[in-house]
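Peer 1: generate a structure from the sequence data that follows.
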Amino acid sequence: MKISRQRLVPFLTESLGIESIHRLPTELEIGAAERFLSLDYITIEDVAAFVGVYAPDAKLRFRPGMNVKVGLHYPMHGGEPVEACLRNILINTDTAIPYITHIEYETLHPFTDCNGRSGRMIWLWQMLKQDRLIAGLSFLHSWYYSSLENSH
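Peer 2: The predicted model follows:
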């Protein structure tokens, strides 16, 4: 299933807004999202390429000392296990529950920046591949319903 630009741009705008970035996505950002959504499967390199467009200075936290804090959450310390965990998360994205994948990805926080935007892009890719996207609902609205569906 594909998503039209008419639906993609509001999704990307909302995704930026969640990060307190209040502007429309650039053509470069839209193109990166369209390329990502056209993938048959997702690799670490694919996610890194997407992140590189939205946050060019962001890096995969694959070395010791590349630690981050997200609100009150301290993700796993930087190092090789981050890359291994990310690979495990991405390996079954075509069949895994998007809500669960999103939680795992955001909890890991594999990059130094752009985890929210890339996590939402992975979520959208899964929702499209699994034909689970509800027409007319924003990310937050859809994610809320998904949290209810997967709460038991």
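Peer 1: what pLDDT does the closest residue to Q130 other than its chain neighbours get?
Peer 2: Spatial nearest neighbour of Q130, chain neighbours left out: P98 (7.0 Å); criterion: C-beta to C-beta, 6 or more residues apart in numbering. Placement of C-beta: from N, CA and C, glycine included. pLDDT for P98: 95.
Peer 1: buried ones in stretch 119-131?
Peer 2: Residues of stretch 119-131 classed as buried by neighbour count (16 or more other C-beta atoms under 10 Å): 119-129.
Peer 1: now for the residue nearest to Q130, how many residues are close by?
Peer 2: If you count neighbours by other C-beta atoms under 10 Å, P98 ends up with 23.
Peer 1: the residue sitting nearest the centre point of the chain in helix, strand or coil?
Peer 2: The chain has G119 as the residue nearest its centroid, 1.5 Å off, counting by C-alpha atoms, centre = their mean. The local conformation at G119, judged by DSSP: H, G, I helix; E, B strand; the rest coil, is helix.
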